[in-house]
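[1] Quick one: sequence and predicted model below, then my questions.
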Amino acid sequence: MTRQRLDLLKLPALQKWHEQTSPSLGVWDYLGSQPDGITRALAFAHLFWPEFIEVQGCVLLAHAYNEEAFARWWRELAGDRRRIELVINHVHLYDLFPGDEELAPEVVEAALAELGEIVVSCWSCALATQFRDRKFHVELRSGEQEYGPTIYFSTAEVHSG
């Protein structure tokens, strides 16, 4: 990651918890104090290291695959695997993390940008591990064309020459 990471103890929930502990504990201690820690950790593990499947040469997020939708995209995009992957393999971070009313909008954006960069790194590694014979392009996009920070991946174009 190229940007400076957020100081998590400045986030209101963590800050309040940190101030209530004696001696003051850190972020990892916070994780251990949550009642649904194992469940939450496994849910996040599936976000950071998702399952992938291969369908007609397309590598897809397993949770996003739907046979009928895939067939429709296959027809509409004339079997263009890279474009089909881009349609199916994207995740809007706003959908997963709709926001925190305690956080200023600029903090939410910075947090989602940092989280997005981490997910991109994890997916890149997961794809390289599970599909050693293929190259992938994994990226975080944001801006007017996107619904907030959005992660995409597709098989990288192979240029011969």
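    Received it, and whenever you're ready, just let me know what you need.

[2] low pLDDT regions in this structure?
    Where the chain drops to pLDDT under 70, the residues are 1-3, 24, 158-161.

[3] could you redo the last one with a cut-off of 50?
    Under the criterion pLDDT under 50, the flagged ranges of the chain are 161.

[4] the strands in it, which residues?
    52-55, 58-61, 90-92, 136-141, 150-155 (DSSP state E).

[5] which secondary structure elements does the second one contact?
    The elements that strand 58-61 packs onto, with contact taken as 3 or more CB pairs under 8 Å, 6 or more residues apart in numbering; DSSP states H and E, are strand 52-55, helix 81-88. Every C-beta, even on glycine, is put in place using the N, C-alpha and C of the backbone.

[6] Tell me which of these sits most buried.
    helix 81-88 (a mean of 18; mean count of other CB atoms under 10 Å).

[7] Can you mark which positions in stretch 25-42 are buried?
    Residues of stretch 25-42 classed as buried: Tyr30 (neighbour count, 16 or more other CB atoms under 10 Å).

[8] Any idea how far apart the tips of it sit?
    Stretch 25-42 has an end-to-end distance of 23 Å (criterion: CA to CA, to the nearest Å).

[9] next one: stretch 47-56
    First-to-last residue span, stretch 47-56, CA to CA: 24 Å.

[10] which residues are contacting it?
    Applying CB atoms under 8 Å, 6 or more residues apart in numbering, the contact partners of stretch 47-56 are 59-63, 65, 70, 74, 79, 81, 96, 118-119, 122-123, 126-127, 130-131.

[11] Can you say which of those are buried?
    Buried among those by 16+ other CB under 10 Å: Val59, Leu60, Leu61, Tyr65, Phe70, Trp74, Arg81, Val119, Cys122, Trp123, Ala126, Leu127.

[12] Tell me what the second one is bridged to.
    I take that to be Leu60. Beta bridges link Leu60 to Ile53, judged by DSSP bridges.

[13] Let me know the angle separating the longest helix seen in the chain from strand 136-141.
    Selection of the longest helix in the chain by residue count, based on DSSP state H, yields helix 105-130. Helix 105-130 runs at 180 degrees relative to strand 136-141, counting by axes from the mean of the first three to the mean of the last three CA atoms, to 10 degrees.

[14] Name the residues of helix 105-130 that come out as buried.
    Counting neighbours by 16+ other CB under 10 Å, helix 105-130 gives 108, 110-117, 119-120, 122-123, 126-127 as buried.

[15] The spatially most central residue of the chain and Val27: what is the separation?
    The centroid of the chain falls nearest to Val119 when counting by CA atoms, centre = their mean (4.1 Å). Using CB to CB, to the nearest Å, Val119 is found at 18 Å from Val27.
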